[in-house]
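A.B. asks: sequence isn't available, so here's the structure alone:
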């Protein structure tokens, strides 16, 4: 079994397949987890009203899987994945935006007044928009992917890095190997988990595209300046348990360009400071840009392809970190010839 792509989705799927006895090789263009997974903010936004309807059940289930998912990775890697469950404070310009009302009616979202915001986040500047507390947590993606790779190796999964998969070799209508710029690996089955690069792997050309996101990370003298994820129309703020604070992000159609624009970073920093004024004086640690794997309808590609023994799990756009556990579970079932626990028909590559 060859997994093409060593991001969080590919590594999670490899671990799940290995649990069921498969021999797995991950082939990654660079270092595992150094692309979208490394660049992500790590919000587990499973009840975001902007989440496409076909993804809502998968997102809910995947979020519920996260505590055990992380515990298992911690145990196998000997590392600690920073999973935070304090919740999210979300601002909206209009109270009825998206599907907010349905989340409020179920009790999953709670409307906040200025007094309650001050109690939850004393340094948060209340700006008058509709605000809600949601149960969405967050995870440090860099800690997650580093620990996941170590856990994969612990399970006996092989990793070949530094060579991009360029094509899947097909004989008699079935996948038999993957080709890289350096060599060829034979395979009884292949799963394309190449993210924004999935469409560059022949012979099938999946309609994935990179969607650039610029971000920054700051640190302040006060370790617990912010405890919840804070989401607003212009910016989001994601705390880490070690005191770092991630600020993001943009949505740009810029191809595979990962250059950082200082003016864009300044704009994000200023937007964050309007939410939490102390962030305006925070020391900047790092800036970066990542490439989310988008598709024309903003839904992932999950399932079998027209080529026997060739599968795809890519195009997760902004939700790759969130959907990694449920994607690994469902795709493991598909690859092993079982009926998946979830209806994956909305995500079939055949829709394109």
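C.D. replies: Arrived safely, thanks for sending. All of these numbers come straight from a predicted model, not from anything done at the bench.

A.B. asks: any weak-confidence spans in the stretch 51-200 of the chain?
C.D. replies: Applying pLDDT under 70 to the stretch 51-200 of the chain flags residues 93-105, 128.

A.B. asks: and with 90 instead?
C.D. replies: 92-109, 126-130, 181 (pLDDT under 90).

A.B. asks: quick one, helices of it?
C.D. replies: In the stretch 51-200 of the chain, the helices defined using DSSP state H, counting those that start in this stretch lie at 56-77, 100-105, 114-120, 141-154.

A.B. asks: export those helices to JSON lines and tack on distance to residue 170?
C.D. replies: The way it works is simple: take the backbone N, C-alpha and C, and place the C-beta from them, glycine included. What follows is those, written out as JSON lines (distance: least, C-beta to C-beta, whole Å):
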{"stretch": "helix 56-77", "distance to residue 170": "29"}
{"stretch": "helix 100-105", "distance to residue 170": "45"}
{"stretch": "helix 114-120", "distance to residue 170": "55"}
{"stretch": "helix 141-154", "distance to residue 170": "27"}
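
A.B. asks: quickly compare the ones you listed and say which is most buried.
C.D. replies: helix 141-154 (a mean of 23; mean count of other C-beta atoms under 10 Å).

A.B. asks: and that one with helix 56-77, angle?
C.D. replies: 60 degrees (axes from the mean of the first three to the mean of the last three C-alpha atoms, to 10 degrees).

A.B. asks: please give the centre-to-centre distance between helix 141-154 and its chain.
C.D. replies: 14 Å (C-alpha atoms, centre = their mean, to the nearest Å).

A.B. asks: quick one on the thing from earlier: just so I know, which of the helices of the stretch 51-200 of the chain lies nearest residue 322?
C.D. replies: With respect to residue 322, and counting by C-beta to C-beta, the nearest of these is helix 56-77 at 5.8 Å.

A.B. asks: helices and strands around that closest one, which ones?
C.D. replies: strand 83-84, helix 141-154, helix 320-335 (3 or more C-beta pairs under 8 Å, 6 or more residues apart in numbering; DSSP states H and E).

A.B. asks: need the contact partners of that helix.
C.D. replies: Applying C-beta atoms under 8 Å, 6 or more residues apart in numbering, the contact partners of helix 56-77 are 12, 44-47, 51, 79-81, 83, 85, 136-137, 139, 144, 146-148, 150-151, 154-155, 319, 322-327, 329-330, 342.

A.B. asks: rerun that using 6 Å as the cut-off
C.D. replies: Identification of contacts with helix 56-77 by C-beta atoms under 6 Å, 6 or more residues apart in numbering yields 44, 46, 51, 80-81, 83, 147-148, 150-151, 154, 322-323, 325-326.

A.B. asks: residue 250 sits in which helix or strand?
C.D. replies: Per DSSP states H and E: residue 250 is located in neither a helix nor a strand.

A.B. asks: start and end of stretch 167-183, how far apart?
C.D. replies: 11 Å (C-alpha to C-alpha, to the nearest Å).

A.B. asks: in it, what counts as buried?
C.D. replies: Going by neighbour count (16 or more other C-beta atoms under 10 Å), the buried part of stretch 167-183 is 167, 168, 169, 170, 175, 176, 177, 178, 179, 180.

A.B. asks: any chance of JSON lines for those, columns distance to residue 286?
C.D. replies: As requested, the buried residues of stretch 167-183 are exported to JSON lines (distance: C-beta to C-beta, whole Å):
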{"residue": "167", "distance to residue 286": "35"}
{"residue": "168", "distance to residue 286": "36"}
{"residue": "169", "distance to residue 286": "40"}
{"residue": "170", "distance to residue 286": "42"}
{"residue": "175", "distance to residue 286": "39"}
{"residue": "176", "distance to residue 286": "42"}
{"residue": "177", "distance to residue 286": "39"}
{"residue": "178", "distance to residue 286": "34"}
{"residue": "179", "distance to residue 286": "35"}
{"residue": "180", "distance to residue 286": "30"}
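
A.B. asks: out of the residues you listed, which are inside strands?
C.D. replies: 167, 168, 169, 170, 175, 176, 177, 178, 179, 180 (DSSP state E).

A.B. asks: farthest-apart pair in those, please.
C.D. replies: Of all pairs in those, the most separated under C-beta to C-beta is 170 and 180 at 16.0 Å.

A.B. asks: hmm, back to that, which one of the helices and strands packed on helix 56-77 lies closest to residue 351?
C.D. replies: Nearest of the helices and strands packed on helix 56-77 (C-beta to C-beta): helix 320-335, 16.0 Å.

A.B. asks: what angle separates the closest one from helix 56-77?
C.D. replies: Using the same axes, to 10 degrees: helix 320-335 against helix 56-77 is 90 degrees.

A.B. asks: helix 320-335: how far from the chain's middle?
C.D. replies: Using C-alpha atoms, centre = their mean, the offset of helix 320-335 from its chain centre is 12 Å.

A.B. asks: show me what that helix is packed against.
C.D. replies: With contacts taken as 3 or more C-beta pairs under 6 Å, 6 or more residues apart in numbering; DSSP states H and E, helix 320-335 sits against helix 8-19, helix 56-77, strand 310-314.

A.B. asks: mind putting those into CSV with distance to residue 34?
C.D. replies: Output for the helices and strands packed on helix 320-335, formatted as CSV (distance: least, C-beta to C-beta, whole Å):
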stretch, distance to residue 34
helix 8-19, 11
helix 56-77, 17
strand 310-314, 17
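
A.B. asks: so which of the ones you listed comes closest to residue 277?
C.D. replies: helix 56-77 (31.2 Å).

A.B. asks: tell me the domain boundaries of the chain?
C.D. replies: Domain assignment for the chain by automatic domain parsing gives 2-81+141-208+297-351, 88-134+210-294.
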